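1. pasting the sequence and the predicted model now:
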Amino acid sequence: MSTGPTHAMSGLTAWATVTALASGSAIGNLSAKGWLVGAVMCTGAALLPDLDHPESTVSSTFGPVTQAGSKLVNAISHGTYRLTRTKKDSNRDGGHRGLTHTLVFAIAAAVATTAIIQTSQSWALPVLMFFFSGLAVRGIMHKWCPRNDALWITGTALLLTYACLKWTDQTSADAAACGVAVGIGCIAHYLGDAITEQGCPILWPVPIAWKTWYPVAPPKLLRMRTGGKVEMAVIGPILTAVAVWMSAVALHRTGVLPFLDGVPLTPWAQAG
Ligand SMILES: [Zn+2]
């Protein structure tokens, strides 16, 4: 599952599902505004790992800026692969589907996001919101021409950031929740990559079958082709339906969707 829209939707679906199901915890009791900020960040973060590929669509998000960043990430990823691979690991480049496709990276990204927002809500949150909403727009609008549309993406991301922050008033964003959102977005990306042909080295550096970069993947039967019929006709619509449903559950809990009062949104809760 490597097309932009599916990755982006998987991020939103993951955020909505985790927040809807975690009703007893801090992450399940965010304000509607906090939830929205998390949703934008998680959707964008679901594209973040592919910044390790200078030719990927997401690397062209902010034109030369993200392309330069992507080259740097690719070089670091390549170096890390070379340094830590065993004889059993394949002799591949390791720049793409390397370091940014591991749980270690997801955790580091989550911690870094939390730390950055904790330092300053007034400048750090808008900057990160702008960055992640740009990735989200780039992922969803994958048909927009990568070369010419960096300005469009930048403009749309600015508007989205402005609208979010205007509404949230910059007061209720929970730094830890933003970090968790980024971590969840990355993990949603890994799961999407794992069900395609190559698998994803999620568990690096834990050695499995003498490989530190073991490509985690389900049995062949359950894998699919990137951009193929299964992704477009089955996975995409299912993710969208779950995203809408779980977002309704999570947002209803915050009190912003009063017209859903009495609708059995969570049959499992009533059954128990
Ligand atoms: Zn990927």
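-> Sure thing, it's come through. Numbering: from 1, shown residues only.

2. what's the helix or strand hosting residue 131 in contact with?
-> Secondary structure assignment for residue 131, by DSSP states H and E: helix 124-140. Residues external to helix 124-140 that are found in contact with it (Cβ atoms under 8 Å, 6 or more residues apart in numbering): 4-5, 7-9, 11, 37, 40-41, 43-48, 57-58, 60-62, 113, 116-117, 144, 153-154, 156-158, 160-161, 164-165, 170, 173, 178, 182. For the C-beta atoms, the positions are set from N, CA and C on the backbone; glycine is no exception.

3. so what's residue 223 closest to, chain neighbours aside?
-> residue 195 (5.4 Å; Cβ to Cβ, 6 or more residues apart in numbering).

4. now do the contacts for that neighbour.
-> Listed by Cβ under 8 Å, 6+ apart, the contact set of residue 195 reads 1, 217-218, 222-224.

5. picking up where we left off before, just the buried ones from the contacts of helix 124-140?
-> Burial by neighbour count, 16 or more other Cβ atoms under 10 Å: within the contacts of helix 124-140 this picks out 4-5, 7-9, 11, 37, 40-41, 43-48, 57-58, 60-62, 113, 116-117, 144, 153-154, 156-157, 160-161, 164-165, 173, 178, 182.

6. show me the residues you listed that map onto helices.
-> When DSSP state H is applied, these are split such that 4-5, 7-9, 11, 37, 40-41, 43-45, 113, 116-117, 153-154, 156-157, 160-161, 164-165, 178, 182 fall in helices.

7. ok, and which of those reach the ion?
-> Checked against the ion using Cβ under 5 Å from the ion, those give no members in range.

8. please give me every residue in contact with residue 191.
-> 10, 200.

9. helix or strand right after the strand or helix carrying it?
-> Remark: residue 191 resides in helix 175-194, with elements defined by DSSP H and E. Next along the chain after helix 175-194, taking DSSP H and E as the criterion, comes helix 229.

10. mind saving the C-alpha coords of the following helix or strand past that next one as CSV?
-> In the C-terminal direction, the helix or strand that comes right after helix 229 (DSSP H and E) is helix 236-254. Below are the C-alpha coordinates for helix 236-254, written out as CSV (Å, rounded to 0.1, in the frame of the first residue of the first chain):
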residue,chain,number,x,y,z
GLY,A,236,-9.1,2.4,0.3
PRO,A,237,-12.9,2.3,0.8
ILE,A,238,-12.7,0.2,3.9
LEU,A,239,-10.2,2.6,5.5
THR,A,240,-12.3,5.6,4.6
ALA,A,241,-15.5,4.0,6.1
VAL,A,242,-13.6,3.1,9.3
ALA,A,243,-12.1,6.6,9.5
VAL,A,244,-15.5,8.3,9.2
TRP,A,245,-17.1,5.9,11.8
MET,A,246,-14.3,6.1,14.3
SER,A,247,-13.9,9.9,13.9
ALA,A,248,-17.6,10.1,14.7
VAL,A,249,-17.2,8.0,17.9
ALA,A,250,-14.2,10.1,19.0
LEU,A,251,-15.7,13.5,18.2
HIS,A,252,-19.1,12.6,19.6
ARG,A,253,-17.4,11.9,22.9
THR,A,254,-15.9,15.5,22.9
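
11. how distant is helix 236-254 from the center of its chain?
-> With Cα atoms, centre = their mean, to the nearest Å as the basis, helix 236-254 stands 16 Å off its chain's centre.

12. residues in contact with that helix: which ones?
-> Taking Cβ under 8 Å, 6+ apart as the criterion, the residues outside helix 236-254 that touch it are 5-6, 9-10, 12-13, 16-17, 19-21, 23, 28-32, 35, 39, 257, 260-261, 265-266.

13. run a quick neighbour tally on the residue of the stretch 51-200 of the chain found nearest the ion.
-> Ranked by Cβ to the ion, the top residue of the stretch 51-200 of the chain for proximity to the ion is residue 193, at 4.3 Å. Residue 193 sits with 25 neighbouring residues when counted by other Cβ atoms under 10 Å.
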